[in-house]
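>>> below are the sequence and a predicted model; questions follow.
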Amino acid sequence: MISRNGPRRSDPASPWGGDPDTFLPEDKYAGTLVGRAWLPASGPGRPGGPAVIAVREDGVYDLSSLAPTCAELMEADDPPALAGSIDGAVRIGTLGELLGNSLPNRDRDRSRPFLLAPVDLQSVKACGVTFAASLLERVIDERAGGDPGKAEHIRKDLSGRVGADIRRVRPGSEAAERLKDALVRQGLWSQYLEVGIGPNAEVFTKAQPMSAVGYGAEIGIHPQSVWNNPEPEIVLVVDSRGRIVGATLGNDVNLRDFEGRSALLLGRAKDNNASCALGPLIRLLDETFTLDDIRRCDVRLDIEGPDGFRLTDVSSLKEISRDVTDLVGQTIGRDHQYPDGLVLFTGTMFTPNADRDEAGMGFTHRIGDLVSISSPKVGTLVNRVNRSDRVEPWTFGVGALMRNLSARGLL
């Protein structure tokens, strides 16, 4: 993993400039790209609402007549074939037009389409402590009690004593058990080490269905938090049968101070208004994008602060400690079902410790930070940071979706 302060890559002056080249995967329209958009009312008695979309080189198409929800599209026997069908699909504009209007709520034109988070009824789950680097940082959070001023001393001590061993061990193996016994004898065992190298992965609920925000929306930081960071991740899209059918990008916004004070505050640290961003689109598995492509994904993070701060970080899913199929298998199966499917954050290596302000205090967000998460095969997700009590309130839930689809004759 590379972490540094320095110039960002060349980007357009506005992250929402409507340029598809800064949004799409590196192979552009070669894959099967689907998502969701808000469509305006089309006339009296014809209300607007969310629609499943397919993004193609010749435009963006409304797939509502084929699949009224993203969850239903993912349940198809062959989602790429269904998404690729043009029968009944209505062209709603160009990708550039949608991108140009995918702004924070106060700035967008609601009379024109704009992008939403690409999932709807699916449960939003997340795996934690799946990389050795982030595992050590969670132990540091715990030992620092949520105090960033104590973190650097603990980081140096722990990295020197257990870092190399943890990076070599396979979770749940006999070697992991031996390492656990050694750490217990040294007084270094932690609940995070248990899920990091033990047989059972950490899987938690990141957000409620319909609560995630998409490309261009503001992301929320709890107003009481003083130590927090983004968590850029590959997010698996899984159907009710446990099939991985696609992938997208996600920001598992994290409050290090809350969780560091107590792991029982995980819900408060992870699930706040607009604290889950997904997008920009879902790339479905097909001949152009396979499970092995997901396993090889690199994820890049760029942060640009209103104070001139710059941070760039690159991590690779190749360094994950558990295979993505193992993570899915520990989430859904005979003992836990998801009839509407799920999306699963796979974890992150990103653990920013570069000082932003005072020496030894590490990184934390400021209001107005621009956060870009990108992966060559998946695209780029862009959001700006605000407080969770100042971003757009979440008001459109599952009940509202059902009423809206009914009013539009889609149920």
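Now that the structure is in, tell me what you want to look at.

>>> kindly report the domain assignment for the protein.
According to automatic domain parsing, the chain comprises the domains 20-119+401-407, 123-133+198-393, 134-197.

>>> reformat those as a markdown table; add mean neighbour count and mean pLDDT.
Every residue, glycine included, has its C-beta placed from N, CA and C. Compiled in a markdown table, these are given as follows (neighbours: other CB atoms under 10 Å; pLDDT from 0 to 100):
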| stretch | mean neighbour count | mean pLDDT |
| --- | --- | --- |
| domain 20-119+401-407 | 18 | 93 |
| domain 123-133+198-393 | 21 | 93 |
| domain 134-197 | 17 | 74 |
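
>>> so for residue 13, what's the pLDDT?
According to the per-residue confidence, residue 13 scores 37 in pLDDT.

>>> show me where the stretch 1-150 of the chain has its helices.
70-74, 79-83, 95-100, 132-144 (DSSP state H, counting those that start in this stretch).

>>> I'd like these as TSV, with distance to residue 358 appended.
Supplementary listing: the helices of the stretch 1-150 of the chain in TSV, determined by distance: least, CB to CB, whole Å:
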stretch	distance to residue 358
helix 70-74	44
helix 79-83	49
helix 95-100	38
helix 132-144	15
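
>>> which one of the ones you listed lies closest to residue 307?
Ranking the helices of the stretch 1-150 of the chain by distance to residue 307, with CB to CB as the measure, places helix 132-144 first at 23.5 Å.

>>> give the other helices and strands that whichever helix or strand comes after that closest one contacts.
Counting by DSSP states H and E, the next helix or strand C-terminal to helix 132-144 is helix 151-158. When contacts are defined as 3 or more CB pairs under 8 Å, 6 or more residues apart in numbering; DSSP states H and E, helix 151-158 sits against helix 132-144.

>>> just the CA coordinates of stretch 375-389, formatted as CSV?
What follows is the C-alpha trace of stretch 375-389 in CSV, where atoms were taken according to Å, rounded to 0.1, in the frame of the first residue of the first chain:
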residue,chain,number,x,y,z
SER,A,375,-10.7,1.0,-9.7
PRO,A,376,-9.6,0.4,-13.3
LYS,A,377,-12.3,-2.3,-13.9
VAL,A,378,-15.1,-0.6,-12.0
GLY,A,379,-15.0,3.2,-12.4
THR,A,380,-14.8,6.2,-10.1
LEU,A,381,-17.0,7.1,-7.1
VAL,A,382,-16.9,10.8,-6.0
ASN,A,383,-18.4,12.4,-2.9
ARG,A,384,-17.9,15.4,-0.7
VAL,A,385,-17.8,15.3,3.1
ASN,A,386,-20.3,17.1,5.3
ARG,A,387,-21.8,16.5,8.7
SER,A,388,-24.4,13.8,8.9
ASP,A,389,-26.9,16.2,10.5
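
>>> so how far is residue 372 from residue 199?
Taking CB to CB, to the nearest Å as the measure, residue 199 falls 36 Å from residue 372.

>>> again with residue 337
Taking CB to CB as the measure, residue 337 falls 35 Å from residue 372.

>>> and residue 313, by the same measure?
11 Å.

>>> how far off centre is the helix or strand hosting residue 278?
Following DSSP H and E, the helix or strand that holds residue 278 is strand 276-284. Computed by CA atoms, centre = their mean, to the nearest Å, the separation of strand 276-284 from the middle of its chain amounts to 8 Å.

>>> all helices for the stretch 301-411 of the chain, in order.
Under DSSP H, counting those that start in this stretch, the stretch 301-411 of the chain gives helices at 324-331, 398-407.

>>> can you pull the contacts of the residue nearest to residue 33 when sequence neighbours are not counted?
The spatially closest residue to residue 33, leaving aside those adjacent along the chain, is residue 55, at 4.2 Å (CB to CB, 6 or more residues apart in numbering). If a contact means CB atoms under 8 Å, 6 or more residues apart in numbering, then residue 55 has 29, 33-35, 61, 95, 281 as its contacts.

>>> next, the spatially most central residue of the chain: secondary structure please.
The residue at the geometric middle of the chain, judged as the C-alpha nearest the mean C-alpha position with CA atoms, centre = their mean, is residue 250 (1.3 Å). When classified by DSSP: H, G, I helix; E, B strand; the rest coil, residue 250 comes out as strand.

>>> can you check the one 10 residues further on too?
When classified by three-state DSSP, residue 260 comes out as helix.

>>> okay but it is in contact with residue 150, surely?
No: assessed by CB atoms under 8 Å, residue 260 is found out of contact with residue 150, at 9.5 Å.

>>> alright, that wraps it up for me.
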